[in-house]
Structure formats: C-alpha cells, structure tokens
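1. attaching a predicted model along with its sequence, questions to come.
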Amino acid sequence: MNGFLAILRRDLSLALRQGADSVMVVAFFIVTTTLFPFGVGPEVNILARIASGVIWVSALLAAMLSLERVFQADYEDGSLELLTLSPVSLELLILGKVLAHWLTTGLPLIIAAPLMAVMLNMDQDGFAILMIAMLLGTPALSLIGAIGAALILGARRGGVLVSLLVLPLYIPVLIFGAGAVEAALLGISATAQLQIMAAILLLTLAAAPFATAHAVRQAME
Amino acid sequence: MHRFAKPSVFLKFTAPILPWLSVLTAILIAAGLYFSLIGSPVDYQQGHTVRIMYIHVPAAWMGLFCYVGMAICGAMSLIWKHPLADICARATAPVGATFTALCLITGSLWGEPMWGTWWVWDARLTSMLILLFLYLGYMALVNAFDDPERGSKAGSALALVGAVNVPIVKFSVDWWNTLHQPASIVRMDGPAVDPSMQLPLALMILGFTCYYFVLLILRVRLELNERRIRALHLSGMFDETVTPAAAKDKAYEAGHNAEAKQ
C-alpha cells in the first residue's frame, strides 16, 4: 500500500508542478465542445438535443490525448524500468499511476462538463446524471487507456496509434454515458445505464491493471 | 500440439495438405455458388436480393471466426511463446479484416433494397464496424515497432483485450432489439432458415472457412520462407567475397540457429 501511495504522490506532484497538463486537457475539452455550435449551427434546440453526446465525445478525446503522459516520460527517463524491478507489485503501482492520471484529467473534466452543458443549452434535469455518469465513466476511460498507453511504448508514431487502439474500446462507456443523460432528459430513470457503467468500471478496475502491467513488462524486455 | 509448433514441422506437414485443401475449397465454393445463384428458390418477399445472404452471412461468420482464431493464437503466443502462433495471428488479421469489410459492404448493399437505407446505427452493424477497427488497430500496432517480436507481443495483448467485442457482436441482436434480424441459424430450436436455403449457406460457410485455412497456410509458409531468406542474407550467403562452400556451411548454421531460436 505504501508503494501505491508513494507513486500516487509522486505522479500527482509531477503533474501539479509541471502545471500546464491538467489545464491543457480542460482547454482541449472546452475548445472541442465549442467547435460543435460552429459546425452544427447555433440553433438552441439542436444544440440542446446533441449536448450530452457532444460532451461525452469531447471528454473521450480529451482523456485519450492525455494518455501519452501516463507512461511515456517514465519510459524515456528509465524510471519505468525501476518501477518494474521494484519489489512492490507492478499492478498496484500502475493502479496508482492511473488514479493520478484520473485525478489530474478526469476530475477537471467532470467539473468543466456542467459549464459546457449550460453553454449548449442542455436541460437542467440532465446535469446531475451527467456528472454521476462521468464520475463512473472517466475512471474507466483512464483504466482502459492505460492499456493502450502501455502497449505503444517504444512504437513509431505512438500518438496516432493509441487513438486507433483505445477509441474502439471506449465506445461502451460512450454509449451508456450518453444514454444515461438522454434518459434523464426524457424524464426516465437512468439507473439501468448507471448500473451498467458501474459494472464496466468494476470490470476494468479488476482486469485493466493486469493487462497494463503485462504490456509494461513486455516493453521493458 | 506443441510438436507442430516447430516451423520446420509446420512446413513439412502442410505441404501435402495445401493442394487438397485448395481443391476442396474450390469445389465447395463452386457448388455453393451454383446452389446460391441458380439452385435455390427466390425468397417470396425479398426476390433475388436474398442471394446476397450467401456471401453476407459466411463473411460475417469468418469475420468473427478469424478474430477468435487471432485471439487464441495471441493467447498461445503469450503463454507458450510459440513463434508460429505469432505468425498465425499476424497472418490472420488482414484476412479477417477483409471478411469483416466484405460483410459490411454486402450488408449495406442488401440493406438498401430491403431496409431502404445503406447504413443504420444498429447494434449489430455498429459492433461489426468496431470489429473492423479492432483488426485495423491490431495490424497498425503489430507493424509499429522496429523489433517485430515486440510488435507481436503487443498485438497479442490487444487481440485478447479486444475479444470482449466478439460476444457483443454475436448477442447484439438479442440484447438490443433493432433493425437487424435476430439470430436465425445458430439458436436453441434449430435454424429458422428454409431447408432449401440451408444447403447453399452451409456450403458457402464451409467453403469460406476452408479458403481461410488455405490463405493461412500460404501466408504462414511465406513468412517462414521470408525469415529463412533473411537468415541466409545475414549469414553472408550472398556475399561474394566468401567462397561458396564456406558460405553454404555458414548459411546452414545460421538457418539452423534461427530455427532453433524460434
């Protein structure tokens, strides 16, 4: 457990001292969302209708873009190799890194999401569900994304590659995340969608660290 | 099974099978095409467009079959580190991707006259499209490393993670009740397809499956031979300064070592 907390503290302080990373993710999220009213047109009804989907897609892309920094810097300066050699279980360390990634990208996105929902004229009934759904969905995105980030270590053009690997696996989160908000906007209970999202989160929480650790070990060979 | 995982055994073992399997494939597909295009009745509602089914369904079957095969090969290469499993997985990916694309294309050609639309965001169609993306991601990942072995390993892990999509494709029509019809061939109370259409469908599915194995054997043999040529090049067999006799010895050794290493 000490190793877990140590890596969490290390990654968090690295992210906070470099500073710009979290801000960049949120800025990317806001800019992407802002593009839609230009592309679709400023009619309020249409924007309100597509708001949940637009927010989720932008959040997905923002989460994906920030994946590179989960392992890349550690891989380049060699600290990832020391982590794999350490007596602490690598799965636990990876869980710590993923948690740090989520705290510095997923959490700011959740805070920024209602702001964008207001700007897209989304009905207020959906706000609470949107935030709950993102609370369940974004950790799953970080966990799934970590697998992709570990697989591309040392690859050529890794940044483009990770999108091809990770985005298809993000689709279930997108479907149920947007579905939950849709249900709430229609006045139906969103419990079913939220329960499925919780299930996805638990499944990825149980399986993803092992797959990621396996991929990291391969990269170190 | 492990006995056959040696490349030289594979080459020896498949050489006599290949012509027979090719002939069998040709016969099955020729008979399947005859029965599906001429020897089977016209659907009372769909008319001649029902004949698209005889390509569409086997292609969909092959898309899933190849992915499962790729995932199993990936698991084998991770567990036992068989180089042959790596090569099989690599060889399967483009074939499976082509079948999946074929399924999507024929499906949209069939959908236009029947549903009145080329594409709908139906659960079955969408999950099949994701399957295609997974194939493309696998192929991109496998070729993204300078060290091919590292590419194979990363690809194996991705193939296993992506295998969650296979049951989603299969059961999507039962879980989400959308435009695509529910399962009509593999189901508890027997197939719901008319017997006169079952024969050509079965022939085409068998034919496509055999075709895949022919391609797999050809592609794996090609890859193994390419590796041998590379080993010969590295050993200096084609180097003019070395005397032919010495080069031959060296090449034999290098080829032998490469094989032993594999």
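-> Received the coordinates, thanks. Numbering: from 1, shown residues only, chains lettered A, B, ... in the order given.

2. low-confidence bits of the stretch 151-262 of chain B, can you list those?
-> Of all residues in the stretch 151-262 of chain B, those with pLDDT under 70 make up the ranges B:173-179, B:182-193, B:237-262.

3. spell out which residues of it are next to chain A.
-> With the criterion set to C-beta under 8 Å from any C-beta of the partner chain, the stretch 151-262 of chain B comes near chain A through B:Lys153, B:Ala154, B:Ala157, B:Leu158, B:Leu160, B:Val161, B:Gly162, B:Asn165. Quick note: C-beta positions are derived from backbone N, CA and C, even for glycine.

4. isn't the last one right up against B:Leu132?
-> No. Counting by C-beta atoms under 8 Å, B:Asn165 does not reach B:Leu132; the two are 10.4 Å apart.

5. got any residues that touch both of these two?
-> Residues touching both B:Asn165 and B:Leu132 (C-beta atoms under 8 Å, 6 or more residues apart in numbering or on different chains): none.

6. quick one: contacts for the closest residue to A:Met131 other than its chain neighbours?
-> Closest residue to A:Met131 apart from its sequence neighbours, by C-beta to C-beta, 6 or more residues apart in numbering or on different chains: A:Ile110 at 5.9 Å. Contacts for A:Ile110 (C-beta under 8 Å, 6+ apart) come out as A:Met131, A:Met134, A:Leu135, A:Thr138.

7. isn't the second one up against A:Ala113?
-> It stands for A:Met134. Yes. Using C-beta under 8 Å, A:Met134 makes contact with A:Ala113 at a distance of 5.7 Å.

8. can you give me the helices for chain A?
-> In chain A, the helices defined using DSSP state H lie at A:2-18, A:20-40, A:44-65, A:68-77, A:79-85, A:90-101, A:107-119, A:125-151, A:158-186, A:191-220.

9. can you check the stretch 1-150 of chain B too?
-> B:7-37, B:53-79, B:83-115, B:123-142, B:148-162 (DSSP state H, counting those that start in this stretch).

10. common neighbours of A:Met134 and A:Ala113, please.
-> Common contact partners of A:Met134 and A:Ala113 (C-beta under 8 Å, 6+ apart): A:Ala59.

11. if we can go back for a sec, in a markdown table: the residues of the stretch 151-262 of chain B next to chain A, plus neighbour count.
-> Below are those laid out as a markdown table (neighbours: other C-beta atoms under 10 Å in any protein chain shown):
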| residue | neighbour count |
| --- | --- |
| B:Lys153 | 25 |
| B:Ala154 | 26 |
| B:Ala157 | 22 |
| B:Leu158 | 27 |
| B:Leu160 | 17 |
| B:Val161 | 22 |
| B:Gly162 | 23 |
| B:Asn165 | 22 |
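
12. which among these gets closest to A:Ile50?
-> B:Asn165 (26.0 Å; C-beta to C-beta).

13. how far away is B:Leu104 from chain A?
-> To chain A, B:Leu104 is 15 Å away according to C-beta to the nearest C-beta, to the nearest Å.

14. that residue touches B:Met128, doesn't it?
-> Yes. Shown here, B:Leu104 and B:Met128 form a contact pair, counting by C-beta under 8 Å, at 6.0 Å.

15. and these two? Which one has more around it.
-> Relative neighbour count places B:Met128 above the other of B:Leu104 and B:Met128, with 23 against 20, counting by other C-beta atoms under 10 Å in any protein chain shown.

16. correct me if wrong: that one contacts B:Cys103.
-> Yes. Contact status for B:Met128 versus B:Cys103: in contact at 6.4 Å, counting by C-beta under 8 Å.

17. what do these two both touch?
-> Residues touching both B:Met128 and B:Cys103 (C-beta under 8 Å, 6+ apart): B:Ala60, B:Gly63.

18. next, format the contacts of A:Ile110 as CSV and append pLDDT and neighbour count.
-> Below are the contacts of A:Ile110 laid out as CSV (pLDDT from 0 to 100; neighbours: other C-beta atoms under 10 Å in any protein chain shown):
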residue, pLDDT, neighbour count
A:Met131, 92, 16
A:Met134, 93, 27
A:Leu135, 94, 16
A:Thr138, 94, 25
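
19. poorly predicted segments of the stretch 1-150 of chain B, please.
-> B:1-4.

20. make it 80
-> B:1-7, B:39-48, B:121-123 (pLDDT under 80).

21. with chain A instead?
-> In chain A, residues with pLDDT under 80: A:1, A:18-21, A:157-159, A:221.

22. tell me the residues of it that contact chain B?
-> So far as C-beta under 8 Å from any C-beta goes, chain A lies against chain B at A:147, A:151-152, A:154-158, A:161, A:164-165, A:167-169, A:171, A:211, A:214-215, A:218-219, A:221.

23. show me how to select, in ChimeraX, the buried members of those residues.
-> Per 16 or more other C-beta atoms under 10 Å in any protein chain shown, the buried members of the residues of chain A next to chain B correspond to this ChimeraX selection:
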select /A:147,151,152,154,155,158,161,164,165,167,168,169,171,211,214,215,218,219
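
24. tally of neighbours for the residue nearest to B:Ile52 when sequence neighbours are not counted?
-> Leaving aside its sequence neighbours, B:Ile52 sits nearest to B:Trp110 (C-beta to C-beta, 6+ apart; 4.2 Å). Number of residues near B:Trp110 (other C-beta under 10 Å) recorded here: 19.
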